[in-house]
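In: Got a sequence here, can you build the structure:
(3 chains)
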Amino acid sequence: MAVALRIDSVVKRYGARPVLKKLSFQATGGEILVVAGPNGSGKSTLLRLVAGLVRPGSGSISLEIDGTDVSDPGSRRRAVGLVAPEIALYPELSGRENLDYFDALRGRTGLPAGELLEAVGLGKRGGDLVSAYSTGMRQRLRIALALRHRPRVLLLDEPGLALDAKGGEMLRTLVDAHREAGNLVLVATNDSREAAWGDRTIVLAG
Amino acid sequence: MGLPARILILLAMGGELAFVFLRLPAGQGFANPELARMIVLHLPCAYVACVFAFGAGWQGIQYLRRRELLADARSVVAAQLAALFAFLTTATGSLFAKEQWGSYWNWDPRQTCVAALLLVYAAYFLLRASVDDPDKRAAISAVYVLFASVLTPTLGYVIPRFFIDQSLHPKVASFDAWYRMGIYPTAIAVLGLSVWIQRLAVRGERIRLRLEALEESAA
Amino acid sequence: MSWLAETTAVLAKEARSEWRTRVAAASLGLFVAGALALIGLAFARLSPSPELRLEINTQIAAALLWLVILFTAATGLGRAFLVEEERGTAIALRLHGRPTAVWTGKFLANTAQILLLSAVTAPILFQILGVDVRHPVPLVLSVALGCTGVAAVFSFTGAVVAQTSARGGLLAALSFPVLLPQFASGVDSTLRAIGFRATLSTDFWSTSGGGIVQLASYDAIAITAALLLFEHIWNE
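Out: Okay, here's the model as predicted:
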């Protein structure tokens, strides 16, 4: 498989409170893996661990893409796309300017902004400042941002929270397309509809 | 640290102090020759402060490389000792200056540099107190102590050596045999004493870390 | 080459954000204006005799300039990273940006800010104090190099403080001791450029060039140290 993710006995604590206790699983490209569990069970933490934003207390995370090992956090961060509610975008810039800024940080190698904005339903609002966006629009922009650099691993943390029905459909289409292209999608969710997208589900105990 | 080593250190300290106060001749060419003997305490404090300042930085690097909290514990202890000896250096230096040249503080480059280092350590401990998460605290402490250590001594001390003409500190130190006998063994004895303290403190930290690890795995 | 493009992107975005909100420029500008007014008021009272007043003012002008620069920096330069953490934009920056490019872009933005403020402050301050500058080019060089070092330190300590709960409170405490050598060199160089502590010859460089070298060395070391250490606190 072109994408191979492996989580091995990962432990993560915040202060004295353990959030992930010796979690192990594997996932490959071409599948949608749903991560379910009650609030506080570590779903968001797991996604951040995979994204290379936090380090595990013990255990290891390895990621291989097209034969190249991208396990070190710096490389992982560049290889994944993350959609999470805590990701804020610059309100004083427009949607398009936000996308272009982060694309510039990656060497301007991403997909064309216009098409992407159309795909997430922001085609006409790309030039407006993010401060004028509704919550749903910001979520659509986050999705566009996560997809722009063609990540082989897409991480979605409660992605449908702010989206309306049409937005939900848009997301489903994008996620399926991403999976069809041989990429890996991890969805952390409490929503039963989103949970149904998954080819597989892992449940984190609280 | 073994018992023979500890006894040796205590004897060396005691012996040196006795030597300084009973046998060492008074310093020539100073306003107060008797109290010029203080140099025998001042210089060892300075050397030891340098050693531990370097140690704190080194352990900081070790933490950043290996992310083990024990390296952080060693770094903190070294920083505490460096701060203590920097303070003693400043204190003995100020007293010396008062006796010989009439004032406690002269804005001499080295004097000011050590004072800046004291402020750096104070800020370092404040910084540690403002972070709860142990790993983040360790990373931030290591990074700050390295940043400050590179800038403050290097530029406060090394470069001015080439550019500033007037200083209370001699450019080249010349000590006669008696004073050399006083200064260098004292330096070794004080170093031994401080290493003893450091090992005790680190042992305490190691126990604390092990206790925390045990509590976590029981939870 | 890509690194340079990335750094420029960060700098451009900082400039654009600043231009659109104008928060930092306005508040810092007011800070400087207030400080200069206070200085003018305080020093107008110093001495009735104009010669004596000029003598005193010339001696303190350099020190006052650098104090104003330092306090302005402490007020305004720490925000660069703090604002990212507080608003939540730091996460996206960590995911997409290279640490050294991010730091350098922010550092350059800070440098531009403090240079601009100094360029306005220095002439006004000297005017208020009635001080003439004997060697203008060395003065500009001293202030420029000194400000660069100040920006480098505050950019770094700002990043450190952004990760703590104390936020802004610790910034000055962390930065001032580290800046002591730069401050000392800056004041000394500026004094010589003004012409006080003058050498009898009119050549600045033969006697005071060392100070400029010191300022430049500090900048080089501070920037290098920051670049090496930044990613250890930026990324967990």
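In: Tell me how far the residue nearest to the spatial centre of chain B lies from chain C.
Out: Closest residue to the average C-alpha location of chain B: B:A49 at 1.5 Å, with C-alpha atoms, centre = their mean. Here B:A49 is placed at a distance of 15 Å from chain C (C-beta to the nearest C-beta, to the nearest Å). All C-beta atoms are positioned from the backbone trio N, CA, C, and that covers glycine.
In: ok, and for the helix or strand containing that residue, which residues are buried?
Out: Assigned by DSSP states H and E, B:A49 belongs to helix B:39-66. Going by neighbour count (16 or more other C-beta atoms under 10 Å in any protein chain shown), the buried part of helix B:39-66 is B:39-53, B:55-60, B:62-64.
In: most centrally placed residue in chain C?
Out: C:C147 (3.5 Å).
In: Return the distance of C:V83 relative to C:A122.
Out: 28 Å (C-beta to C-beta, to the nearest Å).
In: Please name the nearest non-neighbouring residue to the residue nearest to the centre of chain C.
Out: C:I114 (4.7 Å; C-beta to C-beta, 6 or more residues apart in numbering or on different chains).
In: go on, C:T164?
Out: Nearest to C:T164 is B:S130, by C-beta to C-beta, 6+ apart, at 4.4 Å.
In: now for the helix holding B:A49, which elements pack on it?
Out: Helices and strands touching helix B:39-66, by 3 or more C-beta pairs under 8 Å, 6 or more residues apart in numbering or on different chains; DSSP states H and E, are helix B:69-101, helix B:109-129, helix B:134-153, helix B:177-218.
In: One more pass at 7 Å, please.
Out: With contacts taken as 3 or more C-beta pairs under 7 Å, 6 or more residues apart in numbering or on different chains; DSSP states H and E, helix B:39-66 sits against helix B:69-101, helix B:134-153, helix B:177-218.
In: tell me the phi and psi of the residue of chain A most remote from its centre?
Out: Distance from the centre of chain A peaks at A:A16, with 27.3 Å (C-alpha atoms, centre = their mean). Main-chain dihedrals, A:A16, degrees, to the nearest 10: phi -90, psi -10.
In: give me phi/psi at A:P151?
Out: Here A:P151 shows phi and psi, under degrees, to the nearest 10, equal to phi -70, psi 140.
In: Contact partners for the closest residue in space to it that isn't next to it in sequence?
Out: Distance criterion C-beta to C-beta, 6+ apart; nearest residue to A:P151, sequence neighbours excluded, is A:G81 at 3.5 Å. By C-beta atoms under 7 Å, 6 or more residues apart in numbering or on different chains, the residues touching A:G81 are A:146-147, A:149, A:151, A:154-155.
In: Determine which two of these are furthest apart.
Out: Farthest apart among the contacts of A:G81 by C-beta to C-beta are A:H149 and A:L155. That separation is 13.3 Å.
In: Comparing those two, which shows the higher neighbour count?
Out: Using other C-beta atoms under 10 Å in any protein chain shown, the more surrounded residue of A:H149 and A:L155 is A:L155, with 25 against 20.
In: Shouldn't A:W197 be within a strand?
Out: No: counting by DSSP: H, G, I helix; E, B strand; the rest coil, A:W197 is located in no strand; its state is coil.
In: and it, what are its phi and psi?
Out: Dihedral angles of A:W197 (phi, psi; degrees, to the nearest 10) stand at phi -70, psi -20.
In: Now do the SS call for the nearest residue to it once chain neighbours are set aside.
Out: Nearest non-adjacent residue to A:W197, counting by C-beta to C-beta, 6+ apart: A:I32, 5.5 Å away. Counting by three-state DSSP, the backbone at A:I32 sits in strand.
In: Can you pull the residues of chain B lying near chain C?
Out: With C-beta under 7 Å from any C-beta of the partner chain as the criterion, chain B meets chain C at residues B:64, B:112, B:116, B:119-120, B:123, B:126-127, B:130-131, B:136, B:139-140, B:143-144, B:146-148, B:150-152, B:154-156, B:159, B:163.
In: Please identify the helix or strand for C:A73.
Out: Short version, using DSSP H and E: C:A73 is in helix C:50-76.
In: And C:E18, by the same measure?
Out: Counting by DSSP H and E, C:E18 is found in helix C:2-21.
In: How about C:P177?
Out: Here C:P177 is assigned to helix C:171-194, by DSSP H and E.
In: Can I get that helix in CSV, CA atoms only?
Out: Coordinates of the C-alpha atoms in helix C:171-194 are reproduced here as CSV (Å, rounded to 0.1, in the frame of the first residue of the first chain):
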residue,chain,number,x,y,z
LEU,C,171,8.9,39.4,28.6
ALA,C,172,11.0,42.3,29.9
ALA,C,173,12.4,40.1,32.8
LEU,C,174,13.7,37.6,30.3
SER,C,175,15.0,40.1,27.7
PHE,C,176,16.6,42.9,29.6
PRO,C,177,19.4,40.9,31.2
VAL,C,178,20.3,39.3,27.9
LEU,C,179,20.3,42.7,26.2
LEU,C,180,22.7,44.3,28.7
PRO,C,181,25.8,43.9,26.5
GLN,C,182,24.0,45.2,23.5
PHE,C,183,22.6,48.1,25.4
ALA,C,184,26.1,49.0,26.8
SER,C,185,27.7,48.9,23.4
GLY,C,186,24.8,50.8,21.8
VAL,C,187,25.0,53.7,24.4
ASP,C,188,28.7,53.9,24.1
SER,C,189,28.7,53.9,20.3
THR,C,190,25.9,56.5,20.2
LEU,C,191,27.8,58.7,22.7
ARG,C,192,30.8,58.7,20.5
ALA,C,193,28.8,59.3,17.4
ILE,C,194,27.2,62.3,19.1
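In: residues of the helix or strand following it that come out buried?
Out: The helix or strand immediately downstream of helix C:171-194 is helix C:204-234, counting by DSSP H and E. Within helix C:204-234, the residues that count as buried by 16+ other C-beta under 10 Å are C:204, C:208, C:210-212, C:214-219, C:221-223, C:225-227, C:229-234.
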